[in-house]
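Undergrad: Need the 3D shape of this:
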Amino acid sequence: MRRMSEEPRTSRVQRQVVQLILDRRLTAGAPLPTEAELMETLGVSRNSVREALKALQALDIVEIRHGYGTYVGQASLTPLVDGLTFRTLARHDDDTGALAEILQVREVLEEGLIRRVAATVTEAELQALEGVVTRMESAGGTGRSFPELDREFHEALYASLGNALVPQLLGAFWTVFRRVSGARGWTDDPSPEITVRRHRDIVTALRARDVEGAQRAMAVHFRGIEARAAEESRGVG
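TA: Residues are numbered from 1 along each chain as shown. Just a heads-up that it's a prediction; the model follows:
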């Protein structure tokens with residue numbers, strides 16, 4: 001009974017700390033009031049403050065620097081990445097289905113976003129994308145995998161939208177996929193030349209301002225990722 005009565009209190013103090021950050025317009029890296037000040041301001045015990053701060057640290061809302069104090073965190077998507085990775089790996093009997101769900105969400109985002117990119121992408125951004133594809137081609141030609149270049153391509157792809165959350169969110173899904181692949185011991189891309197071609201097709205459609213073509217190229221790209229993930233889950237390839 002005591003544990004049940006403590007949990008709502010901790011949650012309430014968490015919300016109060018978050019509201020304090022918002023009310024005072026504190027930004028990432030700004031120092032929070034001391035424990036004693038929080039106790040007085042919120043009218044709670046030291047233990048309640050500490051438990052709330054620990055919980056908020058797990059969400060990257062605050063950062064506890066031992067010996068220095070507590071600061072506003074970056075509010076990154078790391079908790080989301082950790083949670084999705086665990087959720088996927090925990091489904092031991094359904095690797096394919098669990099990872100397919102992650103890929104489907106990312107696919108919906110990217111297929112929708114690519115339509116906007118086709119209308120906003122600049123020549124400089126197209127050249128940057130072509131440069132990434134060329135580096136992919138060089139890496140594949142020497143037998144090296146290029147997962148980081150793949151990530152760079154997709155993050156650069158949406159630069160013209162000016163939405164800082166987009167690369168963070170897509171990067172989160174990318175990280176989950178790589179973590180699951182590593183944990184399951186999946187092999188590197190068995191067909192780098194196909195991966196290069198699919199990325200080049202996306203750039204070609206964008207350069208032509210072909211909205212439908214760009215969306216189709218993105219869909220084909222994801223069909224390939226999903227097919228490979230299914231094969232790896234079955235131990236094929």
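
Undergrad: Strands of the chain, residue ranges please.
TA: Assigned by DSSP state E, the chain shows strands spanning 62-65, 69-72.

Undergrad: what comes up buried for the first one?
TA: Under the neighbour-count criterion of 16 or more other Cβ atoms under 10 Å, strand 62-65 has 62-63 buried. Quick note: C-beta positions are derived from backbone N, CA and C, even for glycine.

Undergrad: before we move on, the earlier item: could the strands of the chain be laid out in CSV, adding mean pLDDT and distance to F86?
TA: CSV is the format used below for those (pLDDT from 0 to 100; distance: least, Cβ to Cβ, whole Å):
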stretch, mean pLDDT, distance to F86
strand 62-65, 94, 22
strand 69-72, 96, 26
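
Undergrad: center of this structure - which residue?
TA: Most central in the chain under Cα atoms, centre = their mean is A172, positioned 1.2 Å from the mean C-alpha point.

Undergrad: Compute the number of surrounding residues for the closest residue to that one other than its chain neighbours.
TA: Excluding its sequence neighbours, the residue lying closest to A172 (Cβ to Cβ, 6 or more residues apart in numbering) is L77, at 4.3 Å. Residues contacting L77 under the criterion other Cβ atoms under 10 Å number 18.

Undergrad: Tell me who's in contact with L77.
TA: Going by Cβ atoms under 8 Å, 6 or more residues apart in numbering, L77 touches 168-169, 171-172.

Undergrad: Format the strands of the chain as a markdown table; extra columns: distance to A164.
TA: Below are the strands of the chain laid out as a markdown table (distance: least, Cβ to Cβ, whole Å):
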| stretch | distance to A164 |
| --- | --- |
| strand 62-65 | 20 |
| strand 69-72 | 17 |
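
Undergrad: Give the rounded mean pLDDT of the longest helix anywhere in the chain.
TA: Secondary structure assigned by DSSP state H gives helix 95-120 as the longest helix of the chain. With pLDDT averaged residue by residue, helix 95-120 scores 87.
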